[in-house]
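Enquirer: turn this into a model:
(chains A, B and C)
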Amino acid sequence: MYVEEVISRLKELYPNGYFHVNRDPFYLLISTVLSQRTRDDVTIPTTQKLFSVFPTVEEMAEADVDEIQELIRNVGFYRVKAQRIIDISRIILQDYGGIVPDTMNELLKLPGVGRKTANCVLGYGFEQDVIAVDTHVHRISNRMGLVDTSDPDETEKELEKVVPRDEWKNINGLMVLFGQNVCRPVGPKCDECIMDDICPKMI
DNA sequence: AAAACGGGGGC
DNA sequence: GCCCCAGTTTT
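Expert: From the prediction side, this is the model:
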């Protein structure tokens, strides 16, 4: 089947997947918020720097917003993100006893958390069967004919119909790597792509 | 449905 | 110097 062949080749290309990410739900939550609309090669060092100063939910919740702003000044939307990081930390501390909630419904109540961010936390942090649809997953799924829609939420639903359930949580990491290195938003490297014999764009 | 938030990196 | 980027909220 086409989709299973695509996943098989992606796994062969990126056998280590996303092993480098910290799987702690709170770390994942904050790092994912920081990475919204900002390249992860920029946000990863910034996230490490932020957590070296404020390692816990408690310390993050009591941090001064100006100090957080200064620490994350190099990432996009840093002012609003700094405020959201504090607000998220305070809510998790006060309403959830310092434990990141493990349901979509509760995660969506947090400021700056939408379906994509929530699914990253649920998938990477809590090992749940979810598909986190970001711009890479959305673009590649449409380019390769796995889905056909301009709505990322529709892409998530359509992918759930065609991707085997035990691969759901792997889709995001594989397609992000593939999307950054090969099937890029602009100027995809189709001439050196391992999908060249099955991708609809190439046939 | 469209605007707004935004500094960094590739070219 | 110009264009785009691991989205979400507000208008």
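Enquirer: which non-adjacent residue is nearest A:Gly112?
Expert: A:Arg84 (3.8 Å; C-beta to C-beta, 6 or more residues apart in numbering). For the C-beta atoms, the positions are set from N, CA and C on the backbone; glycine is no exception.
Enquirer: the one you found against A:Ile30, yeah?
Expert: No - A:Arg84 lies out of contact with A:Ile30 (C-beta atoms under 8 Å); the separation is 9.3 Å.
Enquirer: between these two, point out the one with more neighbours.
Expert: Taking neighbours as other C-beta atoms under 10 Å, A:Arg84 and A:Ile30 compare with A:Ile30 leading, 26 against 20.
Enquirer: tell me, how many residues neighbour the residue in chain A that DNA strand B sits nearest to?
Expert: Relative to DNA strand B, the nearest point of chain A is A:Gly76 (1.4 Å; C-beta to the nearest atom of the strand). By the criterion of other C-beta under 10 Å, A:Gly76 has 15 neighbours.
Enquirer: tell me the SS of it?
Expert: Three-state assignment for A:Gly76 (DSSP: H, G, I helix; E, B strand; the rest coil): coil.
Enquirer: enumerate every residue touching it.
Expert: By C-beta atoms under 8 Å, 6 or more residues apart in numbering, A:Gly76 lies in contact with A:37-38.
Enquirer: and the pLDDT for it?
Expert: Looking at A:Gly76, its pLDDT is 92.
Enquirer: and it, how far from DNA strand C?
Expert: 6 Å (C-beta to the nearest atom of the strand, to the nearest Å).
Enquirer: what sits against the residue nearest to A:Gly112?
Expert: A:Arg84 touches A:33, A:111-112, counting by C-beta under 8 Å, 6+ apart.
Enquirer: in which helix or strand would I find it?
Expert: Using DSSP states H and E, A:Arg84 sits in helix A:78-95.
Enquirer: equivalent analysis for A:Thr32, please.
Expert: Judged by DSSP H and E, A:Thr32 forms part of helix A:25-34.
Enquirer: next one: that helix to chain centre, how far?
Expert: Relative to its chain's centre, helix A:25-34 lies at 9 Å (C-alpha atoms, centre = their mean, to the nearest Å).
Enquirer: now swap in stretch A:152-170 and tell me
Expert: Taking C-alpha atoms, centre = their mean, the mean C-alpha location of stretch A:152-170 is offset from the chain mean by 14 Å.
Enquirer: quick check: end-to-end length of it?
Expert: End-to-end distance for stretch A:152-170, by C-alpha to C-alpha, to the nearest Å: 17 Å.
Enquirer: interface residues of chain A facing DNA strand C?
Expert: Proximity of chain A to DNA strand C, by C-beta under 7 Å from any atom of the strand, involves residues A:18, A:21, A:32, A:35-40, A:43, A:76-77, A:110-118, A:134-136, A:172-173, A:176, A:179-180, A:185-186.
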